[in-house]
Every structure is written in C-alpha cells, then in structure tokens.
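A.B. asks: attaching a predicted model along with its sequence, questions to come.
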Amino acid sequence: MSRTEMGDLNFDALIGPHLDAGYRTALAILQNPDEAHDAVQESALKAWRKLHQLREGSPARPWFLAIVANHCRSERRTRWWSVIRMPEMDRVDHEVQTETIDIDRALATLPRDDRLALFLYFYLDLPMEEVGAVLGVSPGGAKTRVYRAAKKLRPGLEMD
C-alpha cells in the first residue's frame, strides 16, 4: 500500500464519522439540503488540505465542524447567495403540530450565529469546549452565547 493510500485511509477514519454532523451543521446554517451537501464536500477537501493544522491528540470533530461552519459563512457572504435565493416550497409540513412551527419561526428570527450556537449545543449535543472550538471562542464564551441565544428565543415561543 502506498503512502498516499495510507493517508487516505487515516483521513477517512478521522473525518468519516463526523460527516453526518458536518452535514447537519451545514444544513442548519444554509437551510438548503443540496447546498449543505456541497458545503460538506468542499469542507472535507479543505480539511484534507489543512490536515497538518490539526494538533496531535486534539479531537477532530470540533476542528472539522469549524471548517464546515466557516465555509458555510463564506458561502452566505457571496453575492449570489443574497441575489438568487429560491423559497423552499416544501419546508413546512402542514400536518406538523403548531408548536413545532412556532419553534421554527422563533429560530428563524435569531441571528445566524445564535442559531448555530443553539444547534451545536442542543441538536448535536456537543460539549461547551467543542461548541467554543467551532465558534472560535472559549468554553465560557460558548456558554454565554448559548445562554443569550436561548434567552432571545424564549419570547418567540409564546403560544398563539
């Protein structure tokens, strides 16, 4: 087996288990399944190129999710993202309970970074250390962001 094949196997073992979490993170930021798939593929390529930046003994999940989040933020900043944005017709299932739709509406009112903090902590169930690593802040800073985002979310959850 060649050195390149050995590196591919190690990279697959390192990043492979985190691709699903990367996709869910991208989907939370971009809110489009096709764009989320593309973002994860691009992020995996970036991770391959930046593999030397992963410190020995450091967990790969927050490192990879940070790459995904940064790539998605870059995609959202591009001009075409804001000019050509097609509404998703099937986004809301009309048979879903009203409480779920209220949560979706409340989340949609939050700034993108607040949604990401809540998603990483509550949906992906990452510890604060990893949430902080993905957001680029300390664990205490991540805790503060999650708390403030949840506090902003509460008024939007009141029942009609």
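C.D. replies: That came in fine, so what should we check first? Residues are numbered from 1 along each chain as shown.

A.B. asks: please make it C-alpha for all contacts and neighbour counts, starting now.
C.D. replies: Fine.

A.B. asks: lowest average confidence, helix or strand, in the protein?
C.D. replies: Ranked by mean pLDDT, DSSP states H and E, the weakest helix or strand in the chain is helix 79-83, scoring a mean of 48.

A.B. asks: same question for residue 58, what's its three-state structure.
C.D. replies: On the three-state scheme (DSSP: H, G, I helix; E, B strand; the rest coil), residue 58 is labelled coil.

A.B. asks: now for it, how many residues are close by?
C.D. replies: If you count neighbours by other C-alpha atoms under 10 Å, residue 58 ends up with 9.

A.B. asks: check contacts around it.
C.D. replies: Residue 58 makes no contacts at all, as judged by C-alpha atoms under 8 Å, 6 or more residues apart in numbering.

A.B. asks: and the pLDDT for it?
C.D. replies: Per-residue pLDDT puts residue 58 at 84.

A.B. asks: how is this protein partitioned into domains?
C.D. replies: Here the domain parsing of the chain from automatic domain parsing is 1-91, 93-160.

A.B. asks: the residue positioned nearest the centre of the chain: which element?
C.D. replies: A centroid search over the chain (C-alpha atoms, centre = their mean) returns residue 25, at 2.3 Å, as the residue closest to the centre. Using DSSP states H and E, residue 25 falls within helix 19-30.

A.B. asks: give me the phi and psi angles of residue 139.
C.D. replies: Phi and psi for residue 139, reported as degrees, to the nearest 10, are phi -60, psi -40.

A.B. asks: quick one: contacts for it?
C.D. replies: Applying C-alpha under 8 Å, 6+ apart as the definition, the contact partners of residue 139 turn out to be 128-133.

A.B. asks: apply 7 Å and report the result again.
C.D. replies: Listed by C-alpha atoms under 7 Å, 6 or more residues apart in numbering, the contact partners of residue 139 are 128-129, 132.

A.B. asks: and for residue 39?
C.D. replies: For residue 39, the contacting residues are 26, 68, 71-72, taking C-alpha under 7 Å, 6+ apart as the criterion.
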